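Asks: structure for the following, please:
(one chain, ligands or ions: 1)
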Amino acid sequence: MAGFADRVIAASESKDSVLVVGLDPNVDYLPNVLAPTQESGRAVAEAISQFNRLVIDAVADHAVAVKPQLAYYEVYGSDGICALEDTIRYARSKGLLVVQDAKRGDIGPTASAYAQAYLHPSSPLCGDALTVNPLLGADGVNPFVEAAMQHATGIFVLVKTSNPSAGQWQDLIAADGGTLSQRIAAYIADIARNHRGEHGYSAIGAVVGSTYPQDALALRSIMPHSILLVPGLGAQGGRADDLTGYFDAQGQGALVSSSRGITYRYCAVTPEWKHATIDQVFASIREAALTSQRALNNARHQSQRIR
Ligand SMILES: O=C(O)c1cc(=O)[nH]c(=O)n1[C@@H]1O[C@H](COP(=O)(O)O)[C@@H](O)[C@H]1O
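Replies: This next block holds a predicted model:
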């Protein structure tokens, strides 16, 4: 199997898209026709599976990947994990890559167990890539790197997150005069350099939030061989027009993700959304994905022009 980065670029070229759709299910935002009929964990998990299948069908032509956020499934215990496993299988059957957003990181042996759970193909929770928290240092990250290399999966290491307090630690000035984010970026770049695929990119990627475009150019240039995962588009205020600095001169090198802005767009645009039909929900999700795909492609073309 081709390495993760080469799979991302092949999918991106064939679909002309860099869009990732986040699957952060919240049953409070389901219209009556899709809402769980009982309060049991099992009924809720069934509703989540059905909704995710609908989202996947609606976005499959416009997105490269889906990104389930694990907390939204863990909330329902084993029923939620079953829904997640179903979602992973269904997304892959529709030709979508799966980025598991779990932000894992721990001491070496525990990190190895996490890597086994999310990056080893024999695990039912294995996707194509996993988000990784680097706070514990190299021994907390290495097991994920090793698993990604061994199993042609990938990781996205948190470098500059999208949230309002991201700078509290990530902008602290490190001993070499750069920010902590830049220091982590340099560490990732060292690993990625030695593991490049056919297109020059490595399976060792980085998360850089869309809400900090002022940091993107510097981080992009520190990590020329890492695909950037760029969350925060839409609901958190990230704007496609601001994302030119995240792409390379070919308009590649970044995947941009939006969750609520696509999956629950119908709640924002339809006052009577609780009574929406399945067809209306499907059409709204598809339209939101297409609109994001086009806006992101404009940013990619813009980035090609200015470099
Ligand atoms: O790793 C992530 O996906 C992530 C990193 C980050 O810096 N910021 C961030 O919002 N995320 C995730 O991306 C999703 C954003 O959701 P929306 O704001 O609804 O698009 C959530 O699942 C977050 O957990």
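Asks: only C-alpha atoms for contact and neighbour calcs from this point on.
Replies: Will do.
Asks: could you pull up the mean pLDDT of the host helix or strand of I184?
Replies: In the assignment (DSSP states H and E), I184 maps to helix 180-193. The pLDDT scores in helix 180-193 average 98.
Asks: next, the angle from the helix or strand where Q214 lies to helix 180-193.
Replies: Element membership of Q214 [criterion: DSSP H and E] is helix 213-222. Helix 213-222 runs at 30 degrees relative to helix 180-193, counting by axes from the mean of the first three to the mean of the last three CA atoms, to 10 degrees.
Asks: okay, whatever residue of the stretch 151-300 of the chain ends up closest to the ligand: pLDDT?
Replies: Here the stretch 151-300 of the chain gets closest to the ligand at one residue, T161, 3.1 Å apart by CA to the nearest ligand atom. If you check T161, the pLDDT there is 98.
Asks: neighbours of it, how many?
Replies: 22 (other CA atoms under 10 Å).
Asks: find the nearest non-adjacent residue to it, please.
Replies: With sequence-adjacent residues excluded and distances taken as CA to CA, 6 or more residues apart in numbering, T161 is closest to G209, at 4.9 Å.
Asks: quick one: what helix or strand has P68 in it?
Replies: Here P68 is assigned to strand 65-68, by DSSP H and E.
Asks: hang on, D101 is in a strand, isn't it?
Replies: Yes - under DSSP: H, G, I helix; E, B strand; the rest coil, D101 sits within a strand.
Asks: picking that back up, mind giving me the packing neighbours of the next helix or strand after the helix holding Q214?
Replies: Later in the chain than helix 213-222, the nearest helix or strand by DSSP H and E is strand 226-230. Other helices and strands packing on strand 226-230, by 3 or more CA pairs under 8 Å, 6 or more residues apart in numbering; DSSP states H and E, are helix 180-193, strand 202-208, strand 254-258.
Asks: just the C-alphas of strand 226-230, formatted as PDB.
Replies: Coordinates of the C-alpha atoms in strand 226-230 are reproduced here as PDB (Å, rounded to 0.1, in the frame of the first residue of the first chain):
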ATOM      1  CA  SER A 226       4.600  17.600   6.500                       C
ATOM      2  CA  ILE A 227       1.000  17.700   5.400                       C
ATOM      3  CA  LEU A 228      -0.800  20.300   7.600                       C
ATOM      4  CA  LEU A 229      -4.200  19.400   9.100                       C
ATOM      5  CA  VAL A 230      -6.000  22.700   9.400                       C
END
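Asks: whether that strand contacts the ligand - can you check?
Replies: No - Strand 226-230 lies apart from the ligand when judged by CA under 6 Å from any ligand atom; the minimum separation is 7.5 Å.
Asks: can you tell me the helix or strand for E287?
Replies: Secondary structure from DSSP H and E places E287 in helix 278-306.
Asks: what residues sit buried inside that helix?
Replies: Judged by neighbour count using 16 or more other CA atoms under 10 Å, the buried positions of helix 278-306 are 281-290, 292-294, 296-304.
Asks: then stretch 104-121?
Replies: Neighbour counts over stretch 104-121 (16+ other CA under 10 Å) mark 104-106, 108, 111-112, 114-120 as buried.
Asks: could I get the full set of helices for the stretch 51-200 of the chain?
Replies: Here the stretch 51-200 of the chain has its helices, by DSSP state H, counting those that start in this stretch, at 71-74, 77-93, 108-119, 138-151, 167-170, 180-193.
Asks: which stretch among those comes nearest the ligand?
Replies: Among the helices of the stretch 51-200 of the chain, the nearest to the ligand by CA to the nearest ligand atom is helix 71-74 (8.4 Å).
Asks: run the chain-centre distance for the closest one.
Replies: A distance of 15 Å separates the centroid of the chain from that of helix 71-74, by CA atoms, centre = their mean, to the nearest Å.
Asks: so which elements touch that helix?
Replies: Helix 71-74 is packed against helix 77-93, with contacts defined by 3+ CA pairs under 8 Å, 6+ apart.
Asks: now G22: which helix or strand?
Replies: In the assignment (DSSP H and E), G22 maps to strand 19-23.
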